[in-house]
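[1] Please find the sequence and the predicted model below.
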Amino acid sequence: MDRNHLQISYEGAVARITLTQPEIRNAFSDEVIAELTAAFIEAGGRADIRAVVLAARGPAFCAGANLNWMRRVADYTRDESLADAARLAEMLRVIHECPQPTLARVQGDVYAGGMGLVAACDIAVAVDTAGFCLSEVRLGLIPATISPYVIRAIGARAAHRYFLTAERFGAAEALRIGLVHEVVSAQALDAKVDALLQALTSAGPGAARACKKLLRDVAGRAIDARLIAATVQGIAEIRASSEGKEGVQSFLNKRKPAWLQG
C-alpha cells in the first residue's frame, strides 16, 4: 500500500517505522492507522528482521487523534464508531503481538492514543523533555481502546490517577510509573536506542519470538499447575530446537552462535 504518513526502512536486522507528519504532531487518522498496521505486519513477517523501532519526526511523538479525523468521527453512527474503534484496536494488537521485539523511540510529547503506541511496544526510551497525557476525559471520552496496553504498562493504581485527571506529566514520572524504561537527553537518545538494539539483535531470533509469546502467556496469570506445565513444555521445546542446541554449544565452546556469524 502507499505510505503517505510514515516511512519504513530496513537496516540489517532492524526495521524502522517512522511517523512523518510533524506539522500535525504525528496525530492519528484512519489512514495512519491503516499504514501503521500494514507496516508492522510487513516487518513482522520478515525472517531477517530481529527488532522493530517505532519513531517519529518533529517535536511530538504522537498527539493522539487528528482533528479532521475527529470531526468525521463526531458524526459517525454507533455502528460506524464500532468499526472505526476496531481498526485502532487491531493496529495496537498487531504492534503488541509483533513477532520481533519492538522499541519506541520517544523524541517528544505523547498524548491520548499516542500513549497506546508507546505502551504497545516492548521497550520505550524517551527524551527528558517529553510530556505525556491521557487527555480523553477532558473531551468527554475514555481511553478505552488503549487501556489494555497502558494499564499493563503503568499498573492500575497509576492508571486510576492519570485516566481520571487527564494531568500532563513529565518523562521522570513516565519512568517512575513504568510507561518508559529509560529517560535520556535528546543528544543521547540515538546512542541509547542503538545500545538496546545491539542487545536485542544479539539474541537468538527464535528465542526472542518465543520469549515474546512467553511474556503474553504468563503475565497476569495465576501460578497454577496449568501455567507451570506450560512453562515446562516451553523450555523443553526451546532446548530441543536447533537454535537452542546451537546457542548452548556456542556458549560451551566459547564461540559466537550461528545467528551472529557471517
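    That came in fine, so what should we check first? Source: prediction; values computed, not measured.
[2] where exactly do the helices run in the stretch 101-250 of the chain?
    113-120, 147-165, 171-177, 189-202, 205-218, 225-240, 242-252 (DSSP state H, counting those that start in this stretch).
[3] Of the ones you listed, flag the one that's most buried.
    helix 113-120 (a mean of 27; mean count of other CB atoms under 10 Å). No exception for glycine: its C-beta is placed from N, CA and C like everyone else's.
[4] returning to what we had before: let's have the helices of the stretch 101-250 of the chain in JSON lines, adding mean pLDDT and distance to Q261.
    Shown next, in JSON lines, are these (pLDDT from 0 to 100; distance: least, CB to CB, whole Å):
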{"stretch": "helix 113-120", "mean pLDDT": "96", "distance to Q261": "33"}
{"stretch": "helix 147-165", "mean pLDDT": "96", "distance to Q261": "36"}
{"stretch": "helix 171-177", "mean pLDDT": "98", "distance to Q261": "37"}
{"stretch": "helix 189-202", "mean pLDDT": "97", "distance to Q261": "12"}
{"stretch": "helix 205-218", "mean pLDDT": "91", "distance to Q261": "13"}
{"stretch": "helix 225-240", "mean pLDDT": "89", "distance to Q261": "20"}
{"stretch": "helix 242-252", "mean pLDDT": "87", "distance to Q261": "9"}
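[5] and F132, which of those is closest to it?
    With CB to CB as the measure, helix 171-177 is the member of the helices of the stretch 101-250 of the chain nearest F132 (5.1 Å).
[6] Let's have the helices of the stretch 101-250 of the chain in CSV, adding distance to A63.
    Formatted as CSV, the helices of the stretch 101-250 of the chain follow (distance: least, CB to CB, whole Å):
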stretch, distance to A63
helix 113-120, 6
helix 147-165, 16
helix 171-177, 16
helix 189-202, 19
helix 205-218, 28
helix 225-240, 40
helix 242-252, 41
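[7] To R25, which of those lies closest?
    That would be helix 113-120 among those, by CB to CB, at 8.8 Å.
[8] Please name every helix or strand in contact with the closest one.
    Judged by 3 or more CB pairs under 8 Å, 6 or more residues apart in numbering; DSSP states H and E, helix 113-120 is in contact with strand 60-62, helix 78-96, strand 102-106, helix 147-165.
[9] For the second one, list the C-alpha coordinates in PDB.
    By that I understand helix 78-96. Extracted C-alpha coordinates of helix 78-96, given in PDB (Å, rounded to 0.1, in the frame of the first residue of the first chain):
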ATOM      1  CA  ARG A  78     -22.700   3.800  16.700                       C
ATOM      2  CA  ASP A  79     -22.000   1.000  14.100                       C
ATOM      3  CA  GLU A  80     -19.500   3.300  12.300                       C
ATOM      4  CA  SER A  81     -17.900   4.100  15.600                       C
ATOM      5  CA  LEU A  82     -17.600   0.400  16.400                       C
ATOM      6  CA  ALA A  83     -15.900  -0.300  13.100                       C
ATOM      7  CA  ASP A  84     -13.500   2.700  13.500                       C
ATOM      8  CA  ALA A  85     -12.500   1.700  17.000                       C
ATOM      9  CA  ALA A  86     -12.000  -1.900  15.900                       C
ATOM     10  CA  ARG A  87      -9.400  -0.700  13.400                       C
ATOM     11  CA  LEU A  88      -7.500   1.200  16.100                       C
ATOM     12  CA  ALA A  89      -7.700  -1.800  18.400                       C
ATOM     13  CA  GLU A  90      -6.400  -4.100  15.600                       C
ATOM     14  CA  MET A  91      -3.400  -1.700  15.000                       C
ATOM     15  CA  LEU A  92      -2.500  -1.800  18.700                       C
ATOM     16  CA  ARG A  93      -2.800  -5.600  18.700                       C
ATOM     17  CA  VAL A  94      -0.600  -6.000  15.700                       C
ATOM     18  CA  ILE A  95       2.100  -3.800  17.300                       C
ATOM     19  CA  HIS A  96       1.800  -5.700  20.700                       C
END
